[in-house]
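S.K.: compute the structure for the input listed below.
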Amino acid sequence: MRNGLIYTFFTLWALAALWVTVKGFSPLGEPSCVELPREDGCWTDEEQLRRGELVVVGDVMAHLPQVDAARVGYEHYDFAPHFEGVVELFAEADYVVGNLETTLSPRPPYGGYPAFATPEELARDMRAVGFDCVTLANNHSIDRGVGGLLATVAALDNAGIEYVGARADGYAVGRTEPLVCRVGDFDVALLAYTYGANVPQPAGVELNLLDTTTMRRHIESVRQRVDCVVALVHWGVEYALRPNAEQRRLAEWMQRAGVDVVVGSHPHVAQPYEAWHNADGKAMGGVFYSLGNFISNQNSPHTDWGLAAHISLRQQGPNEPELTIRADTVRRLRYEEGGRLRYGLEMR
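M.R.: From the prediction side, this is the model:
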């Protein structure tokens with residue numbers, strides 16, 4: 001009788017242990033449940049939501065009144081106050097890109113239009129506020145020739161800001177090939193092109209032009225190894241509030257060639273943006289024809305505000321990523337304080 005009780009006890013204990021083991025067992029290759037917010041339970045590893053938020057802003061210009069406003073001593077400059085109004089906007093992004101429409105220099109003389117040269121502290125303060133990358137494919141990037149491009153790239157390197165769109169071949173400095181960056185949980189390729197420059201292109205400098213042969217080669221080189229392709233293009237007519245036929249034609253060509261989002265600059269005023277959808281009506285990127293100015297000293301109508309483009313990537317489990325676009329309005333502030341002009345930005 002005693003032996004029977006002992007045998008029954010151990011049998012029940014073994015069955016209970018086996019039930020606990022089986023209940024908690026997750027076969028190899030099948031993920032265990034990961035506790036994440038979900039109404040009907042929890043997400044498995046395959047079901048987790050992947051996210052990425054890219055923010056692109058318009059023209060970062062530095063006319064001489066802006067340089068004077070940033071001066072804090074003999075040849076010392078602080079541009080940080082100019083950007084205080086977008087700190088929260090940039091903090092919400094995984095990666096921030098802008099159009100650097102000036103060259104950078106370690107020493108004077110500095111200059112505004114038509115041949116821009118700005119204290120290199122601008123790069124330091126852009127990085128501090130959250131800029132990760134700038135496009136150099138614009139009509140002012142070689143205003144100061146090879147030396148200006150070399151100094152600009154050196155200042156960006158020192159600040160920790162990436163760049164794309166121009167290169168000094170003889171010095172192996174700069175970048176014209178696509179830049180692949182990490183945006184949240186996604187790989188994004190940045191391509192940059194311009195209609196041209198304000199000065200003849202010096203020997204040894206390569207500037208990415210709006211040439212469809214080169215553009216197609218760049219697109220094909222990255223299309224299969226990234227989640228999203230973004231083209232930063234310098235095009236259109238200055239101060240025109242709507243895109244022209246050439247902008248529309250080229251945007252359609254880029255879409256067919258494999259670009260997911262086109263972001264335009266050069267007009268210095270904001271132009272409309274359009275979302276693209278696939279045959280099922282799913283959001284698949286789009287085109288911002290012009291973001292307008294980010295910060296400048298321009299006085300023409302509509303040049304004191306621009307757009308901050310949001311490119312959002314979301315993917316649930318094995319589904320195709322959803323790519324949506326939207327824009328915030330950013331307004332340039334310019335006011336007098338202590339007998340000096342001051343500059344800032346505010347979200348509208």
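S.K.: my read: Gly165 touches Leu207, true?
M.R.: Yes - with contact defined as C-beta atoms under 8 Å, Gly165 reaches Leu207; the gap is 7.2 Å. Glycine gets a C-beta too; all of them are placed from N, C-alpha and C.
S.K.: these two: who's more crowded?
M.R.: Looking at Gly165 and Leu207 with other C-beta atoms under 10 Å, you find the greater number of neighbours at Gly165, namely 26 against 23.
S.K.: neighbours of the nearest residue to the more buried one once chain neighbours are set aside, how many?
M.R.: Spatial nearest neighbour of Gly165, chain neighbours left out: Ala137 (2.9 Å); criterion: C-beta to C-beta, 6 or more residues apart in numbering. Using other C-beta under 10 Å, Ala137 has 27 other residues around it.
S.K.: Ala137 belongs to a helix, doesn't it?
M.R.: No - assigned with DSSP: H, G, I helix; E, B strand; the rest coil, Ala137 falls outside any helix and is coil.
S.K.: that one: what's it in contact with?
M.R.: Ala137 sits next to Val164, Gly165, Ala166, Ala192, Tyr193, Thr194, Leu207, Asn208, Leu232, Val233, His234 when contact means C-beta atoms under 8 Å, 6 or more residues apart in numbering.
S.K.: now with 7 Å, please.
M.R.: Taking C-beta atoms under 7 Å, 6 or more residues apart in numbering, we find Ala137 in contact with Gly165, Ala166, Ala192, Tyr193, Thr194, Leu207, Asn208, Leu232, His234.
S.K.: do Gly292 as well
M.R.: Gly292 neighbours (C-beta under 7 Å, 6+ apart): Gly58, Pro267, His268, Val269, Ala270, Trp305, Gly306, Leu307.
S.K.: quick one: terminal-to-terminal distance for stretch 312-324?
M.R.: 5 Å (C-alpha to C-alpha, to the nearest Å).
S.K.: for the contacts of Gly292, give me CSV that also has pLDDT.
M.R.: Below are these laid out as CSV (pLDDT from 0 to 100):
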residue, pLDDT
Gly58, 98
Pro267, 98
His268, 98
Val269, 98
Ala270, 98
Trp305, 96
Gly306, 98
Leu307, 98
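S.K.: any idea where the strands of the stretch 151-300 of the chain begin and end?
M.R.: Listed in chain order, the strands of the stretch 151-300 of the chain (DSSP state E, counting those that start in this stretch) span residues 162-164, 166-168, 173-175, 179-183, 186-194, 205-207, 228-234, 261-265, 273-277, 283-288, 293-295.
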